[in-house]
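Undergrad: What would the 3D arrangement of this be:
(2 chains)
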Amino acid sequence: MPLPPFQEFFDTHSADVFNFLVTRVGPTSADDCFQETFLAALRAYPGLRPGSNLRAWVFTIARGKAVDAHRKAARTRAVPLDGIEVAEAARPEPVEVWEPVAALPPKQRQAVAYRYLVDLDYAEVARRMGTTEPAARRNVHEGLKKLREVHLR
Amino acid sequence: MNEPFAPEVAAAAERFARRAAREGLIDIGYDEVDSPWGRMLAAASDRGLLLLLFPENDVEAHLRGLAARVSPRILRSARALEPTRRELGEYFEGRRRNFDLPIDWDAVLSGFGRRVLEYTSAIPYGQVRTYREAATAAGNAAASRAAGNALGANPIPIIVPCHRVVRTGGGLGGYGGGLPRKEWLLDLERGRPGLLS
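TA: Below you'll find the model as predicted:
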């Protein structure tokens, strides 16, 4: 399939990329990383092979920008998330998780981490948490809402 | 279910659009423009207009076509289409007779079809020419039907005024946007009173 118009690609993935960045660098830095991610994507876009996995591609860029932001801030530290194989998503860059994610109630923390750190779809998040897809969605939703409240406070 | 960060995402998207424009990363900008028939969609490169769609046209399919043919760096941009919005508004109100908007001819069409449309874009406001005249001007007097096809596929109606091309003998001929619109546009240009009330 030929590349869709960039706006279509942007509309499809922008909210997910933003949420992902919130979980990686926090709501304050998320916007800067978001800008860097999509500007880099827009620059490279015409050279992309038609049929590329656009979601995987933009998340790779976003992950890189999040790592850059951590390096720049020189406050890289790992916060363990018990029971979650963060490593499977985070390789090869260092595993670091924004502290407030770690402070979420267990189900929300787990759901947010599976969704945005391990990059699983809702069906898979539900499977791993032994729950239903709507419940997984709700947990992610509530977790993000809490992150936003913490940020706005 | 509303995304918790929806307001932040919307603000980030706006900032991104501004930065992309400032850094010259948009090859094609598009936006909606008002018309008497509802919202039309216009698209332009930095060389000029590429597309003007009637409300019922398939926006996604046309933008995908541009992405494949011209460039996939296509973004919504109110600013890029501001002159188009203004001039079309004035035209529909009967206050403008000529468009000063450049057209990106190289990206629009080539060969015979392009020559037909270029000829058409020079037909003065309020006047009409025939398919045969358009075909002759484009270099093939026998190709009236091909000229009609090129006009029917005109990607920038109104601004490239294909409504000003009619049949020899006075018949209206066809129109990509439907014959009632062709009549409406010709009436507008004849200054028929009461049309806009």
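Undergrad: alpha carbons only for contacts and neighbour counts from here, please
TA: Fine.
Undergrad: which residues touch A:Val140?
TA: The contact partners of A:Val140, by C-alpha atoms under 8 Å, 6 or more residues apart in numbering or on different chains, come to A:108-109, A:111-112, A:115.
Undergrad: Then B:Leu52?
TA: B:40-43, B:155-157.
Undergrad: which among the contacts of A:Val140 gets closest to chain B?
TA: Nearest to chain B out of the contacts of A:Val140 is A:Val112 (C-alpha to the nearest C-alpha; 12.6 Å).
Undergrad: where's the closest one, which helix or strand?
TA: Using DSSP states H and E, A:Val112 maps to helix A:106-112.
Undergrad: what are the C-alpha coordinates of whichever helix or strand comes after that helix, in PDB please?
TA: Downstream of helix A:106-112, the next assigned helix or strand under DSSP H and E is helix A:122-129. Taking Å, rounded to 0.1, in the frame of the first residue of the first chain, the C-alpha atoms of helix A:122-129 are listed here in PDB:
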ATOM      1  CA  TYR A 122      -5.700  -4.100  24.400                       C
ATOM      2  CA  ALA A 123      -6.600  -7.700  23.700                       C
ATOM      3  CA  GLU A 124      -3.100  -8.800  24.700                       C
ATOM      4  CA  VAL A 125      -3.100  -6.500  27.800                       C
ATOM      5  CA  ALA A 126      -6.400  -8.100  28.800                       C
ATOM      6  CA  ARG A 127      -5.000 -11.600  28.300                       C
ATOM      7  CA  ARG A 128      -1.900 -11.000  30.400                       C
ATOM      8  CA  MET A 129      -3.800  -9.400  33.200                       C
END
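Undergrad: Buried ones in the helix or strand following helix A:122-129, by neighbour count?
TA: Next helix or strand after helix A:122-129 toward the C-terminus (DSSP H and E): helix A:133-152. The neighbour-count criterion (16 or more other C-alpha atoms under 10 Å in any protein chain shown) identifies A:133, A:135-137, A:139-144, A:146-148 as the buried residues of helix A:133-152.
Undergrad: Isn't B:Ala44 up against B:Gly29?
TA: Yes - if you go by C-alpha atoms under 8 Å, B:Ala44 and B:Gly29 touch, sitting 5.5 Å apart.
Undergrad: Can you give the domain ranges for the chain?
TA: Went with chain A since none was named. Following automatic domain parsing, chain A resolves into domains at A:1-76, A:78-153.
Undergrad: The chain in question should be chain B.
TA: Split into domains by automatic domain parsing, chain B comes to B:20-92, B:109-190.
Undergrad: Going by length in residues, pull out the top helix of chain B.
TA: Longest among the helix segments of chain B by residue count, using DSSP state H, is helix B:6-22.
Undergrad: The helix or strand following that one pairs with which strands?
TA: Per DSSP H and E, the first helix or strand lying C-terminal to helix B:6-22 is strand B:28-35. Neighbouring strands of strand B:28-35 in its sheet, by DSSP bridges, are strand B:38-45 (antiparallel), strand B:74-76 (parallel).
Undergrad: what does strand B:28-35 contact?
TA: With C-alpha under 8 Å, 6+ apart as the test, strand B:28-35 has contacts from B:39-46, B:71, B:73-78, B:80-81, B:84-85, B:88-89, B:92.
Undergrad: before we move on, back to that, contact partners of the longest helix of chain B?
TA: With C-alpha under 8 Å, 6+ apart, helix B:6-22 has contacts from A:14-15, A:18, A:31, A:34-35, A:38-39, B:26, B:75-77.
Undergrad: Turn those residues into JSON lines, including secondary structure.
TA: As requested, these are arranged in JSON lines below (DSSP: H, G, I helix; E, B strand; the rest coil):
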{"residue": "A:Ser14", "secondary structure": "helix"}
{"residue": "A:Ala15", "secondary structure": "helix"}
{"residue": "A:Phe18", "secondary structure": "helix"}
{"residue": "A:Asp31", "secondary structure": "helix"}
{"residue": "A:Phe34", "secondary structure": "helix"}
{"residue": "A:Gln35", "secondary structure": "helix"}
{"residue": "A:Phe38", "secondary structure": "helix"}
{"residue": "A:Leu39", "secondary structure": "helix"}
{"residue": "B:Ile26", "secondary structure": "coil"}
{"residue": "B:Leu75", "secondary structure": "strand"}
{"residue": "B:Arg76", "secondary structure": "strand"}
{"residue": "B:Ser77", "secondary structure": "coil"}
